[in-house]
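Asker: Would you be able to build a 3D model of this:
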Amino acid sequence: MPSTRPPVSVLGLGMMGTALAAAFLRAGHPTTVWNRSPAKTGPLVAQGATPAQTGPDAVSASPLVVVCLMTYDNVEEVLHPLAADLAGKTLVNLTNGTPAQARELAAWAERQGAQYLDGGIMAVPQMIAGPQAYVFYSGPQAAFDAHRETLSALGGTKYVGTDPGFAALHDLALLTGMYGMFAGVIQAFALVRTENLSATEFAEPLVAWVSAMLSGTPELAKAIDSGQHLTDVSSLAVNQAAFPNFLATFRDQGLSPELFEPFQAILDRAIKEGYGADGLSRIADLLKVTR
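Answerer: Numbering: from 1, shown residues only. Just a heads-up that it's a prediction; the model follows:
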């Protein structure tokens, strides 16, 4: 019996694109797949996907066209030759990029007569369609509402506004927190390994400590939103006085301090500008660049 679920086309079959297409198939959506290297369609065809011979064939097969490539340059290389085929389509771009890139591509898509949704995937390929996976979407509310059920095949759907750059903003903000955390975790492991201690054994207390510290994140956020940065917990002056110990220890143990030196610099600037009594939340304001 033919599926009654809406069809979808997926352009780009790297690890993530393949996972997206497979999720649509498992959810019962007729799925057309296309990749610049046609051999990558094989495993999905075996699962029931329809291979498109050309990009225009893929676009014409479905009202919803999902794109997932390595970079926005790749997206432009693929989509610009298809400009004449996009009218009336909803284009969902799940390629990682910047808010500015999303806004520029949205404006281009609109000129071609397409509706554009930008997306930020908060999952690795193996997590797609699982309980922890979700995707940020931004762009026209009507386009999101029309295709929300189909897009839910990939995981949770989180609509963050009509500005097409907001999905990328949310995506990169969360990834910023992740990379900052891992920078500290990697430096910590490197430090204990200078004395041949086991990183595996150190992982347990490290996870417990970082998790405990993250519990203070909501209060940090409140201070940033309110602009009330005074603290009786751990002032910038206290942190600035203690931080040289980290850099000295790294050097003494034969490690580069380059991941942590920028933080020392901004602590020094905070004290110089008279914010010694404030908490770490003040640094969010100090990061703003005057244009």
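Asker: any idea how far stretch 275-283 is from the chain center?
Answerer: Its chain's C-alpha centre and that of stretch 275-283 lie 28 Å apart, by C-alpha atoms, centre = their mean, to the nearest Å.
Asker: which of the residues in stretch 254-266 are buried?
Answerer: Leu255, Pro257, Phe260, Phe263, Gln264 (16 or more other C-beta atoms under 10 Å). Where C-beta positions appear, they are placed from N, C-alpha and C, glycine not excepted.
Asker: I'd like those residues as JSON lines, with distance to Ser9, pLDDT and secondary structure appended.
Answerer: As requested, the buried residues of stretch 254-266 are exported to JSON lines (distance: C-beta to C-beta, whole Å; pLDDT from 0 to 100; DSSP: H, G, I helix; E, B strand; the rest coil):
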{"residue": "Leu255", "distance to Ser9": "49", "pLDDT": "98", "secondary structure": "coil"}
{"residue": "Pro257", "distance to Ser9": "49", "pLDDT": "97", "secondary structure": "coil"}
{"residue": "Phe260", "distance to Ser9": "46", "pLDDT": "96", "secondary structure": "coil"}
{"residue": "Phe263", "distance to Ser9": "46", "pLDDT": "96", "secondary structure": "helix"}
{"residue": "Gln264", "distance to Ser9": "50", "pLDDT": "96", "secondary structure": "helix"}
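Asker: Quick check: mean pLDDT of the helix or strand hosting Leu191?
Answerer: Counting by DSSP states H and E, the element that carries Leu191 is helix 166-193. Averaged across helix 166-193, the pLDDT comes to 97.
Asker: The stretch 151-291 of the chain: strands as residue ranges?
Answerer: 156-159 (DSSP state E, counting those that start in this stretch).
Asker: and the residue nearest to Phe243 when sequence neighbours are not counted, what is it in contact with?
Answerer: With sequence-adjacent residues excluded and distances taken as C-beta to C-beta, 6 or more residues apart in numbering, Phe243 is closest to Gln264, at 5.1 Å. Taking C-beta atoms under 8 Å, 6 or more residues apart in numbering, we find Gln264 in contact with Gln240, Phe243, Pro244, Leu247.
Asker: A strand includes Val33, no?
Answerer: Yes: judged by DSSP: H, G, I helix; E, B strand; the rest coil, Val33 forms part of a strand.
Asker: Could you check how far it is from Gly88?
Answerer: Relative to Gly88, Val33 is positioned 21 Å away (C-beta to C-beta, to the nearest Å).
Asker: Between the two, tell me which one has more neighbours.
Answerer: Val33 (31 against 10; other C-beta atoms under 10 Å).
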